[in-house]
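Visitor: Sequence plus the predicted model coming up.
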Amino acid sequence: MPASRPAESRPYHHGDLRSTLLAGAERTLREKGTGALSLRELAREAGVSHAAPGRHFKDKQALLDALALVGYDRLGQALSAADDPALPLERRLTVLARAYLAFSIDNAELLELMYARKHEPDASEQMAAAVDRTVGSLERVIADAQERGEIVAGDPQHLTLLTGATLQGIASFAAGGMLAPEAALDGIEEFVHLLLHGLKPR
């Protein structure tokens, strides 16, 4: 049985190495956390030389930024697929909130990385565009509803922040085991109703 080749003699190229590294990084993130991520280890798993990942990611932070952008792309797709501008506001927000929460529950570690404040300056424009495609879409729904008189006046960015923080709190409870994921998703309709109408008796 032939001995395995040392890392230095492994092939440099590996088809779509970038995608392979990102998939491996996400798997490690889910199973072990950010601290366990290593470009050298990912190269070993992919069967390439330890220098090969450098063609795609200059360092670990560049890899993390790329992985965060993958997360934003997926979240954007989930929100876009769920959104239906023809729905009444409460129903539309409920559908969007459920799509966001489902993504959050399934991708808790990835979402934490997406919201991390530490990003390379080179990735700032891409990150800002990614946030606009996701969080920005909810802000535009709120702003449009304000114009129609369906939501109180005020800074739509601030209202979106309050809404997102509350929704993310539910997601954190689900991720931490304080709330069953099924219960969290089942409670979204009530959450949106209370968000729009408040807690005062009517």
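Guide: Arrived safely, thanks for sending.

Visitor: When you work out contacts or count neighbours from here on, use the C-alpha atoms and nothing else.
Guide: Noted.

Visitor: who touches stretch 160-168?
Guide: Here stretch 160-168 makes contact (Cα atoms under 8 Å, 6 or more residues apart in numbering) with 97, 101, 104, 135, 138-139, 142, 195.

Visitor: please redo it, this time with the cut-off set to 6 Å
Guide: The contact list for stretch 160-168 (Cα atoms under 6 Å, 6 or more residues apart in numbering) reads Glu139.

Visitor: Can you give me the buried ones in the helix or strand of the chain with the lowest mean pLDDT?
Guide: Every helix and strand of the chain was ranked by mean pLDDT, DSSP states H and E. The lowest is helix 39-46, at a mean of 84. Using 16 or more other Cα atoms under 10 Å as the test for burial, helix 39-46 gives 39-40, 42-43, 46.

Visitor: Model confidence for Leu196, exactly?
Guide: Among the per-residue scores, Leu196 holds a pLDDT of 93.

Visitor: To clarify, my last question referred to Gly47.
Guide: Among the per-residue scores, Gly47 holds a pLDDT of 80.

Visitor: likewise Pro11?
Guide: 46.

Visitor: For the strand or helix carrying Asp65, buried residues please.
Guide: Applying DSSP states H and E as the criterion places Asp65 in helix 60-82. Residues of helix 60-82 classed as buried by neighbour count (16+ other Cα under 10 Å): 60, 62-72, 75-76, 78-79, 82.

Visitor: Please list all residues in contact with Lys58.
Guide: No contacts exist for Lys58 under Cα under 6 Å, 6+ apart.

Visitor: now it, what's its secondary structure?
Guide: coil (DSSP: H, G, I helix; E, B strand; the rest coil).

Visitor: Restrict the host helix or strand of Ala171 to CA atoms and write it as CSV.
Guide: Using DSSP H and E, Ala171 maps to helix 156-175. Taking Å, rounded to 0.1, in the frame of the first residue of the first chain, the C-alpha atoms of helix 156-175 are listed here in CSV:
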residue,chain,number,x,y,z
PRO,A,156,-37.5,53.2,8.9
GLN,A,157,-33.9,52.1,9.6
HIS,A,158,-34.4,52.4,13.3
LEU,A,159,-37.8,50.5,13.1
THR,A,160,-36.0,47.8,11.1
LEU,A,161,-33.3,47.5,13.7
LEU,A,162,-35.8,47.1,16.5
THR,A,163,-37.8,44.5,14.5
GLY,A,164,-34.6,42.6,13.5
ALA,A,165,-33.2,42.7,17.1
THR,A,166,-36.5,41.2,18.5
LEU,A,167,-36.6,38.5,15.7
GLN,A,168,-32.9,37.7,16.3
GLY,A,169,-33.6,37.3,20.0
ILE,A,170,-36.2,34.6,19.2
ALA,A,171,-33.6,33.0,16.9
SER,A,172,-31.0,33.1,19.7
PHE,A,173,-33.4,31.5,22.1
ALA,A,174,-34.1,28.7,19.6
ALA,A,175,-30.4,28.2,18.9
